[in-house]
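Undergrad: Sequence first, predicted model second:
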Number of protein chains: 2
Amino acid sequence: MNKFTIKDIAKLANVSTATVSYFLNGNYAKMSINTRRKLADIISKTNYVPSTTARNLAKNENKTIGVSVADITNPFTSPVISGISERCEQYGYKMVFTNSNNDEHREIENINRLRQEEVAGLIIDPVNPESDIYSQLSNLDTVIVDRQSKRNLIDTIVTDNMQSVEALTAKMVQKNYDDLYFVSWPLDDISTRLHRYEGFKRATHDTDDHHLLIVPYNYDLNTDASFQSQIADILKAPDKKVGFFAMNSRVLQELLKVTQSLSYAYATDFGVATYEEFEWMALMRPGISCIRQDSFAIGYSAMEMLKDKLESKLTSEPKARVKTIPTKEIIRASF
Amino acid sequence: MNKFTIKDIAKLANVSTATVSYFLNGNYAKMSINTRRKLADIISKTNYVPSTTARNLAKNENKTIGVSVADITNPFTSPVISGISERCEQYGYKMVFTNSNNDEHREIENINRLRQEEVAGLIIDPVNPESDIYSQLSNLDTVIVDRQSKRNLIDTIVTDNMQSVEALTAKMVQKNYDDLYFVSWPLDDISTRLHRYEGFKRATHDTDDHHLLIVPYNYDLNTDASFQSQIADILKAPDKKVGFFAMNSRVLQELLKVTQSLSYAYATDFGVATYEEFEWMALMRPGISCIRQDSFAIGYSAMEMLKDKLESKLTSEPKARVKTIPTKEIIRASF
DNA sequence: CTGTTAGCGCATTCAC
DNA sequence: GTGAATGCGCTAACAG
């Protein structure tokens, strides 16, 4: 978008390109005050900006990071990106963005593309952190957010999944429910789901999976009746007080759609709580109890950690750390 | 992240860098089948990937676009990014992402940074499309989404704001409301708000602004009572049937917070409808009537249009077009 | 079919 | 203080 080069500026100022380069890099000690002024003048007049591409090549460095998110349409994702973006700007990095759309294959492609683009580092919100691709990554220049791998090879930022769910479920337990159910998308060995479920089980002292209810992905009431009939069976027992804990907000939505289709209302016919918080949960009557996670802080911290690693110039891979961002419990009247 | 260069590969294969370069660019006609095989072998064995930076510099082209969004936390934004991202991948572009956080000043910085990074083109979801910076942009390499400028210098993708609001408001009018109000953030000369309001006025035949209610930005019930008292005044007239049209989902949330704090319920005490649709609107009892916009298509179309412009190699700026993405009316029981 | 070479726009010695 | 020279990794004539 710009056609002036360092040569043009040098010619206009009657100096060599080296002098211009010094000027651009703030190396003012190496020129007279006169040429310095002249250069400042010309550069502002011509609107000249040095080519970042050429600069990167020459210095063999690249102040850009790559980010790959599992699913941008997940409302969890936006605040994460916002946090990363915020810190990037402060640190003078630019970010190139990719979306995997919950497709593991696409995630691999994205990560590979990013690496080829010679980004300095990577922040990944993984579809599947157990994928082979992650063993090719280096803990020197990447950090993972949200979902953690069991192998624990790369620094990871997560929210407090287990303890917060345990604490909130414990509050439900105190209300003397006859049955408490954990409602989730397929566990699929995904750490966030496993940890939340584990927290639930600790509070309920469940030892089996009889109280685990799975909502299929892209659940459609009309074409798939099995989830609905499970809920119907649970709710029609007239003498039982039952409650549900939803693994996240979208699962909660599916659950409520189903109970509404069955003409049951939460708080009166059953109790409910959920992981994640959004504004509409306060708007519902009654309000929905939930766990607020600080997604912005996840992104924010991820970029902080990445920058530290990148600029500390380590040569051997540090041992992977896991940083947990605290959550906040929001108690309303839904159970 | 990779230390092999084209020279290393050339040396390993006992050919010149030129041959390697030809190979990399699929120019197989220029080499024997043997060296072609050898190269393929070596490259896969060494995991060599050419430097995009160097390639960009040499070819003086850059398959990356810059995107600047007004506010990533706005739920409207994610699908737009998703659409852009989708097309980028298909077209072989990468995208560098910036967020302006509703700050006009920051938007200018972001756009300037993006231009300096030598992106091939720009997609902008503007904070303020009337800003001076937009007159420095060229219609050869940028497209704007959502908010349009009156000067109309740059191709713009918008949703159907005016007509869809007019149509939905007309349905409210048919229900014989005594008073219908348009609830909005400050109009601030922003096209989307103006057009939605204009549609509203066409349906209600208002000629003044007596039925325009402004919610302050970052409205807080506790520190700012004026909006609340306006609503209270309107709602306490016992003999009047009143309705509200919310400019977008977040304004709707503010409105409902206020009416709830006043112990009024929509559908029974007043009617309501809104621009934008989200899942929770179907969950609320009763469901909320709204206008569904196709934000994904906005992003999608924007990248399509941009790519067309970029690759058609025009030299003079084409006349700016405005493309309108249709919306869908969702009627539920909120009015 | 393959090698040589001159840029691409800039940073960085090393002389002067 | 300043300029010429060299190189970053790759492309694209141009020779051969």
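TA: Structure received.
Undergrad: For residue A:308, give its distance to DNA strand C.
TA: With the distance defined as Cβ to the nearest atom of the strand, to the nearest Å, residue A:308 ends up 22 Å from DNA strand C. Yep, even glycine has a C-beta here, placed from its N, CA and C like the rest.
Undergrad: That residue - how many residues pack around it?
TA: 12 (other Cβ atoms under 10 Å in any protein chain shown).
Undergrad: Which element, helix or strand, includes it?
TA: helix A:295-311 (DSSP states H and E).
Undergrad: Against which helices or strands is whichever helix or strand comes after that helix packed?
TA: Following helix A:295-311 in sequence order, the next helix or strand is strand A:322-325 (DSSP H and E). Other elements packing on strand A:322-325 under the criterion 3 or more Cβ pairs under 8 Å, 6 or more residues apart in numbering or on different chains; DSSP states H and E are strand A:156-159, helix A:295-311.
Undergrad: follow-up on the earlier one: residues making contact with the helix holding residue A:308?
TA: Applying Cβ atoms under 8 Å, 6 or more residues apart in numbering or on different chains, the external contacts of helix A:295-311 come out as A:65, A:76-88, A:91, A:93, A:120-123, A:139-143, A:145-146, A:155, A:157-159, A:318, A:323, A:325.
Undergrad: go again using 6 Å as the cut-off
TA: With contacts defined as Cβ atoms under 6 Å, 6 or more residues apart in numbering or on different chains, helix A:295-311 is touched by A:76, A:79-80, A:82-84, A:87-88, A:91, A:120-121, A:123, A:143, A:145, A:155, A:157, A:325.
Undergrad: Quick one: work out the angle between the helix or strand of chain A with the lowest mean pLDDT and helix B:52-59.
TA: One helix or strand of chain A scores below all others by mean pLDDT, DSSP states H and E: helix A:52-59, with a mean of 86. Here helix A:52-59 points in a direction 120 degrees away from that of helix B:52-59 (axes from the mean of the first three to the mean of the last three Cα atoms, to 10 degrees).
Undergrad: what comes up buried for helix A:52-59?
TA: Across helix A:52-59, burial judged by 16 or more other Cβ atoms under 10 Å in any protein chain shown covers A:52, A:53, A:54, A:55, A:56, A:57.
Undergrad: what do you get for stretch A:264-281?
TA: By 16+ other Cβ under 10 Å, the buried positions in stretch A:264-281 come out as A:264, A:266-267, A:270-278, A:280-281.
Undergrad: Find the pair from the residues you listed with maximum spatial separation.
TA: Farthest pair in the buried residues of stretch A:264-281 (Cβ to Cβ) is A:264 and A:277. Separation: 23.1 Å.
Undergrad: Please give the centre-to-centre distance between the helix or strand containing residue A:197 and its chain.
TA: Element membership for residue A:197, per DSSP H and E: helix A:191-204. Distance, stretch centre to chain centre, for helix A:191-204: 20 Å (Cα atoms, centre = their mean, to the nearest Å).
Undergrad: Now tell me what touches the helix or strand just after it from outside.
TA: Using DSSP H and E, the next helix or strand after helix A:191-204 towards the C-terminus is strand A:212-214. For strand A:212-214, contacts defined as Cβ under 6 Å, 6+ apart pick out A:181, A:182, A:183, A:186.
Undergrad: So what touches the next helix or strand after strand A:212-214?
TA: Using DSSP H and E, the helix or strand that follows strand A:212-214 towards the C-terminus is helix A:226-236. Defining contact as Cβ under 6 Å, 6+ apart, one finds that helix A:226-236 is touched by A:215, A:242, A:258, A:262, A:264.
Undergrad: So which of those belong to strands?
TA: residue A:242 (DSSP state E).
Undergrad: Can you tell me which of the contacts of helix A:226-236 is nearest DNA strand D?
TA: residue A:215 (47.4 Å; Cβ to the nearest atom of the strand).
Undergrad: Am I right that residue A:292 is in contact with residue A:328?
TA: Yes. Counting by Cβ atoms under 6 Å, residue A:292 touches residue A:328, with 4.4 Å between them.
Undergrad: restrict the buried residues of helix A:52-59 to those near chain B?
TA: A:52, A:53, A:54, A:56, A:57 (Cβ under 6 Å from any Cβ of the partner chain).
Undergrad: now the residue nearest to residue A:178 when sequence neighbours are not counted: how far from DNA strand C?
TA: Nearest non-adjacent residue to residue A:178, counting by Cβ to Cβ, 6 or more residues apart in numbering or on different chains: residue A:240, 4.3 Å away. To DNA strand C, residue A:240 is 72 Å away according to Cβ to the nearest atom of the strand.
Undergrad: Before we move on, what's the pLDDT of residue A:240?
TA: Listed pLDDT for residue A:240 reads 93.
Undergrad: and what of the one 4 residues further on?
TA: On the pLDDT scale, residue A:244 is placed at 98.
Undergrad: And it, which helix or strand is it part of?
TA: Secondary structure (DSSP H and E) places residue A:244 in strand A:242-246.
Undergrad: again with residue A:38
TA: helix A:33-46.
Undergrad: That helix packs against which elements?
TA: Applying 3 or more Cβ pairs under 6 Å, 6 or more residues apart in numbering or on different chains; DSSP states H and E, one finds that helix A:33-46 contacts helix A:6-13.
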